[in-house]
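In: let me see the structure of the following:
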Amino acid sequence: MFKGPFDVSIIKRAIEKKAVSISYVQIRDFATDKHKSVDDHPYGGGAGMILRVDVVARAIRHAKTLHPECTNKVILMDPLGIPFEQKEAKRLATYEHIILVCGHYEGIDERIRTLVDETISLGDFILTCGELPAMVITDAVVRLIPGVLKKEGVTSNESFEDNLLEYPQYTKPDIFEAMPVPKILKSGDHRKIQDWQKEEAINKTKLLRRDLLLRRKRV
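Out: Residues are numbered from 1 along each chain as shown. Next up is the predicted model:
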């Protein structure tokens, strides 16, 4: 599942430049029965299958040996985790070695939580597996690593920085179906342009994400 998304664009170039290294650990490789079982029925009954703690433990311990010189941060992809936001991406980008544990099936044996440092969720919804959130988090984190993007500082004015959405941006043509590019952006007056961008960022946030402005006031 990972090789398609990670073989293109920014992540592919980051790997080629050795700015980041991505390894894959197949949990099934650490099963001990002939069927390579990683799950079983939950005690007490219930629908679905539960990931086994012993199999996942062996997989995590193996993952830690891949970069023994680094400090490990083990993160479980789970709906019960903290919501993933840009501030979390920035925090994770400072770690040496992140191990993302992808859940599957109905859920996990609760004891797996003792093997991880934290849990992260993409939001209040359920997916079929943890691989998809792991891809999203990897993409968000990798682009913040120094040297990955061509232009330094390109991420500093993006949406969610300073609890604001990004200001509107335009390119050619100057006029499209009676909609012109704002004159201020072609004025060459950088101070006025910056003031306009700040004002438009606030206006857009007020219109679309008023909750972010409330956070900004609290800070």
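
In: CA atoms for contacts and neighbours, from now on please.
Out: Will do.

In: roughly how far does the residue most central in space within the chain sit from residue 101?
Out: The residue lying closest to the centre of the chain (CA atoms, centre = their mean) is residue 137, at 1.8 Å. From residue 137 across to residue 101, the span is 12 Å (CA to CA, to the nearest Å).

In: go on, residue 42?
Out: 20 Å.

In: higher neighbour count, those two?
Out: residue 101 (23 against 17; other CA atoms under 10 Å).

In: I figured the more buried one hits residue 75, correct?
Out: Yes. Taking contacts as CA atoms under 8 Å, residue 101 lies within contact range of residue 75: 6.0 Å.

In: who are the packing partners of the lengthiest helix in the chain?
Out: Ordering each helix of the chain by length in residues (DSSP state H) puts helix 190-208 first. Here helix 190-208 touches helix 210-218, going by 3 or more CA pairs under 8 Å, 6 or more residues apart in numbering; DSSP states H and E.

In: where do the strands of this protein begin and end?
Out: Taking DSSP state E to define them, one finds strands in the chain at 39-40, 50-51, 72-83, 97-102, 107-108, 118-121, 175-176, 179-180.

In: give me the mean pLDDT for the fifth one.
Out: Mean per-residue pLDDT for strand 107-108: 90.

In: and what of the last one?
Out: Average pLDDT, strand 179-180: 96.

In: got the contact list for that strand?
Out: Residues outside strand 179-180 that contact it (CA atoms under 8 Å, 6 or more residues apart in numbering): residue 174.

In: ok, now which ones touch residue 41?
Out: Residue 41 sits in contact with 48, 49, 50, where contact means CA under 8 Å, 6+ apart.

In: bridged to the last one, which residues?
Out: Counting by DSSP bridges, residue 50 is bridged to residue 40, residue 107.

In: so it sits right up against residue 56, yeah?
Out: No. With contact defined as CA under 8 Å, residue 50 does not reach residue 56; the gap is 11.3 Å.

In: and the two? Which one has more around it.
Out: Just comparing residue 50 and residue 56: by other CA under 10 Å the higher neighbour count belongs to residue 56, 25 against 21.

In: list the contacts for the more buried one?
Out: 27, 30, 38, 112.

In: distance of it from residue 175?
Out: On the measure of CA to CA, residue 56 and residue 175 end up 57 Å apart.

In: try residue 126
Out: Following CA to CA, the distance that separates residue 126 from residue 175 is 43 Å.

In: same deal with residue 39?
Out: Residue 39 is 58 Å from residue 175, by CA to CA.

In: ok, these two, which is more surrounded?
Out: Just comparing residue 39 and residue 175: by other CA under 10 Å the higher neighbour count belongs to residue 39, 22 against 11.

In: isn't that one right next to residue 51, touching?
Out: Yes. At 4.2 Å, residue 39 and residue 51 qualify as touching, with contact defined as CA under 8 Å.

In: so where is this structure shaky, pLDDT-wise?
Out: 151-159, 217-219 (pLDDT under 70).
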